[in-house]
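S.K.: pasting the sequence and the predicted model now:
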Amino acid sequence: MSVLTALRAHLINNADIMALTGDRVYAGMAATAATLPYIAIHEISRTHERHVRAACGMARSRYQLDCWAATAAAADTIREHIRDALDHYVGTLGSGSETVTARGVFLENDFLGFDWPTDASETPTRRAVLEFQIVHNETVPTLA
């Protein structure tokens, strides 16, 4: 199972986040006409831990979560609910068949920003960004 899919499922199953965004939590880019507010999740990088001569079944993945909303207050509220749901989380991310065992989820950086409109509205869309490191189990490749 992909960490991205499990992370998305974990956020969608959080009642506080669902109350704000519904199921508008996207793995990757959101549709151009996506309804605000929504969350877009992007994988930044992944490193694979090693013993001296082999993989150990643990990886560290970095994810960026972009919270898009009409106002700074709305984007900040979503950001705080995500922080509450994920920072220092240990356990199963996701639900059903979409799960990954997280050994630890750590908020590394967050900030508020905005995106200027491409039309004549002159009203920017607000964005809160969170960057998480997720330490998680992964399968160990078999040697042929």
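M.R.: Yes, it's here.
S.K.: where in this protein is pLDDT low?
M.R.: Where the chain drops to pLDDT under 70, the residues are 1, 116-124, 143-144.
S.K.: what helix or strand does the nearest residue to Asp16 once chain neighbours are set aside sit in?
M.R.: Once flanking residues are discounted, Asp16 sits nearest to His81: 4.5 Å by C-beta to C-beta, 6 or more residues apart in numbering. Bear in mind the C-beta positions are built from the backbone N, C-alpha and C, glycine included. Per DSSP states H and E: His81 is located in helix 72-86.
S.K.: tell me what the longest strand along the chain is packed against?
M.R.: Ordering each strand of the chain by length in residues (DSSP state E) puts strand 98-115 first. Using 3 or more C-beta pairs under 8 Å, 6 or more residues apart in numbering; DSSP states H and E, the elements in contact with strand 98-115 are helix 3-12, strand 55-69, helix 72-86, strand 91-95, strand 125-137.
S.K.: closest to Thr21 out of these?
M.R.: helix 72-86 (6.6 Å; C-beta to C-beta).
S.K.: would you mind writing the CA trace of the closest one as PDB?
M.R.: Extracted C-alpha coordinates of helix 72-86, given in PDB (Å, rounded to 0.1, in the frame of the first residue of the first chain):
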ATOM      1  CA  ALA A  72      -6.500  32.800   5.800                       C
ATOM      2  CA  ALA A  73      -8.600  31.900   8.800                       C
ATOM      3  CA  ALA A  74     -10.200  28.900   7.000                       C
ATOM      4  CA  ALA A  75      -6.800  27.700   5.700                       C
ATOM      5  CA  ASP A  76      -5.300  28.000   9.200                       C
ATOM      6  CA  THR A  77      -8.200  26.100  10.800                       C
ATOM      7  CA  ILE A  78      -7.600  23.200   8.400                       C
ATOM      8  CA  ARG A  79      -3.900  23.300   9.100                       C
ATOM      9  CA  GLU A  80      -4.500  23.100  12.900                       C
ATOM     10  CA  HIS A  81      -6.800  20.100  12.500                       C
ATOM     11  CA  ILE A  82      -4.300  18.300  10.300                       C
ATOM     12  CA  ARG A  83      -1.600  19.100  12.900                       C
ATOM     13  CA  ASP A  84      -3.800  17.600  15.700                       C
ATOM     14  CA  ALA A  85      -4.500  14.500  13.600                       C
ATOM     15  CA  LEU A  86      -0.900  13.800  12.500                       C
END
